[in-house]
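heads up, no residue letters with this:
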């Protein structure tokens, strides 16, 4: 690809409204990006199956799923880190006092996933079709989650926090997936990079790009971007409304008149 600008975006709470999963408010910016032939690449904790169900209204030359651990390009799927079976095996082998505080998607029925996420049945089934990460709820205290981090790291597994769930996965994150895509997919001069996200698991991605946009999280989950490469801004509103406004601001700054 030879695009001079590329947009990487988180989905839940960023391009998609946290409650309705609608993106109507972002359509003006999406249409502007399409006119300028700027690719928009989903970078999400969702599975590939969930992304497909969304029927997003723009071409996706790459799809980055499960917090960067799964990358799809032209139908080919590359898994980073550890397999799903390895991750769930680690969880099930934990001491019972720790295991009891973890409720992962693998522990949940489809109805449980619906209750915790607000997804419909088809979406919830797609959310359980995981390849390289396990979202989980933690019912213990902060000291306990830090102890779990230590045990996980001994098995080359790592924990990140999203807007609603913790995620257990192998080494890697959204930032490393972005680097892989940029190295593999963009020849010649590197494009101007824009990324948008609303959770702590987006922080490194936002710090990696030229324009990082923090989308306010209605659940109150705040985070900082440490030592960013480029410019960091905070959107004026949560969800697709803030996404739309921030993209227009950046495209204006880049003097893209379309």
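Arrived safely. Predicted model, so just to flag it, every value in this text is computed and none were measured.

where do the helices of the stretch 151-258 of the chain begin and end?
Here the stretch 151-258 of the chain has its helices, by DSSP state H, counting those that start in this stretch, at 174-185, 203-208, 239-253.

just name the most buried of the ones you listed.
helix 203-208 (a mean of 23; mean count of other C-beta atoms under 10 Å). (Glycine included, C-beta is placed from N, CA and C.)

chain center to that one, what's the gap?
The chain centre lies 11 Å from the centre of helix 203-208; the measure is C-alpha atoms, centre = their mean, to the nearest Å.

for the stretch 151-258 of the chain, give me the ranges with low pLDDT.
Within the stretch 151-258 of the chain, the ranges that satisfy pLDDT under 70 run 162-163, 187, 220-221, 257-258.

quick one: contacts for the closest residue in space to residue 120 that isn't next to it in sequence?
Once flanking residues are discounted, residue 120 sits nearest to residue 114: 7.1 Å by C-beta to C-beta, 6 or more residues apart in numbering. By C-beta atoms under 8 Å, 6 or more residues apart in numbering, the contact set of residue 114 is 120-121, 124.

helix, strand, or coil at residue 114?
With DSSP: H, G, I helix; E, B strand; the rest coil as the basis, the three-state label of residue 114 is helix.

quick one: buried ones out of the contacts of residue 114?
The neighbour-count test (16 or more other C-beta atoms under 10 Å) applied to those identifies residue 124 as buried.

check pLDDT for the contacts of residue 114 and point me to the minimum.
Of all these, residue 120 carries the smallest pLDDT score, 92.

if we can go back for a sec, I'd like the contacts of residue 114 as JSON lines, with distance to residue 28 and secondary structure appended.
Output for the contacts of residue 114, formatted as JSON lines (distance: C-beta to C-beta, whole Å; DSSP: H, G, I helix; E, B strand; the rest coil):
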{"residue": "120", "distance to residue 28": "27", "secondary structure": "coil"}
{"residue": "121", "distance to residue 28": "32", "secondary structure": "helix"}
{"residue": "124", "distance to residue 28": "31", "secondary structure": "helix"}
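
looking at the contacts of residue 114, which is nearest residue 21?
residue 120 (9.4 Å; C-beta to C-beta).

do you know how far the residue nearest to residue 120 is from residue 218?
The spacing between residue 114 and residue 218, counted by C-beta to C-beta, to the nearest Å, is 20 Å.

follow-up on the earlier one: relative to residue 146, which of the helices of the stretch 151-258 of the chain is closest?
Using C-beta to C-beta, the nearest of the helices of the stretch 151-258 of the chain to residue 146 is helix 203-208, at 18.2 Å.

so what does that closest one touch, helix or strand wise?
helix 174-185, strand 192-197, strand 211-214 (3 or more C-beta pairs under 8 Å, 6 or more residues apart in numbering; DSSP states H and E).

residues in contact with that helix?
Under the contact criterion C-beta under 8 Å, 6+ apart, helix 203-208 has outside partners 8, 10, 43, 68, 173-175, 178-179, 193, 195-197, 212-214, 223-229, 232.

residue closest to the middle of this protein?
Nearest residue to the geometric centre of the chain (C-alpha atoms, centre = their mean): residue 44, 2.4 Å.

how far away is it from residue 71?
According to C-beta to C-beta, residue 44 and residue 71 sit 12 Å apart.

tally of neighbours for residue 152?
Taking other C-beta atoms under 10 Å as the criterion, the count of residues near residue 152 is 19.

could you do residue 87 as well?
Count around residue 87 with other C-beta under 10 Å applied: 26.

ditto for residue 237
The number of residues near residue 237, taken as other C-beta under 10 Å, comes to 15.

my read: it touches residue 216, true?
Yes. Between residue 237 and residue 216 there is a contact at 6.9 Å, judged by C-beta atoms under 8 Å.
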